[in-house]
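Trainee: Build me a model:
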Amino acid sequence: MKILPSLAAGLAGALALTALHETVRRLRPRDAPRLDLLGERALRQLLAGAHADQPDDQETYFLTMAGDVVGNALYFSLVGSGLHAPRRGLLLGLAAGAGGVVLPGPLGLGTAPSARTPQTQAMTVAWYTVGGVVAGAVARALRRRH
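Mentor: Numbering: from 1, shown residues only. Sure, this is the predicted structure:
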C-alpha cells in the first residue's frame, strides 16, 4: 500500500462527505443529519473531561470541522491503493454510516442528530457511503495513473 495515494484518496472522500453534509443540512434542515452537532458534543465532552476551557460556538464548529475532515480522511485512507479500493471504500462508507446512526446514543452524544427520522438515518448512511465510494474511486484513479 502506498501511503500518499491512500491519504489523498482518504482526503478526497472526507471532503466529499463534508461538502455533501454541509450543503444538504442547509437545504433540508428538518431531516438532514447534523453530524456537526455530534462532533461538537464529543469535543465539548472531551474538553470537560480534561477540565479544559470550553471554546465559543464558532471556534467549536471550526475545530469540529477540522477534526472531522482529518479523522474521516484517515479512516477513508484505509481504502488503500489496490485493485479493490472501490469495494473497500463502499464497505468502509457503509460501516461508518451505520456507526453514525447506532453509536452516538450509547456514547452519550444523543440520537437526534443522526437518527431522528428514517430519512435522517438513510442520509447518514448515504453520506458516509458517498465518502467511501469517492475515496475508492480516487484511489483507483491514482493507481492507474502510476
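Trainee: in the protein, which helix or strand is least confident?
Mentor: Sorted by mean pLDDT, DSSP states H and E, the helices and strands of the chain end with helix 112-115, the least confident at a mean of 91.
Trainee: Report the rounded mean pLDDT for the helix or strand following it.
Mentor: Next helix or strand after helix 112-115 toward the C-terminus (DSSP states H and E): helix 118-145. The pLDDT scores in helix 118-145 average 94.
Trainee: same question, stretch 69-82
Mentor: Computed over stretch 69-82, the average pLDDT equals 93.
Trainee: Quick check: end-to-end length of that stretch?
Mentor: Start and end residues of stretch 69-82 are separated by 23 Å (C-alpha to C-alpha, to the nearest Å).
Trainee: Going along the chain, name the strands of this structure.
Mentor: Counting by DSSP state E, the chain has no strands at all.
Trainee: that older thread, for the least confident helix or strand of the chain, give me every contacting residue.
Mentor: Applying C-beta atoms under 8 Å, 6 or more residues apart in numbering, the contact partners of helix 112-115 are 33-35, 37-38, 100-102, 104-105, 120-121, 124. No exception for glycine: its C-beta is placed from N, CA and C like everyone else's.
Trainee: Just list the residues touching Gly100, thanks.
Mentor: Neighbours of Gly100 in contact, by C-beta under 8 Å, 6+ apart: Pro33, Leu35, Leu38, Ser114, Thr124, Val125, Tyr128.
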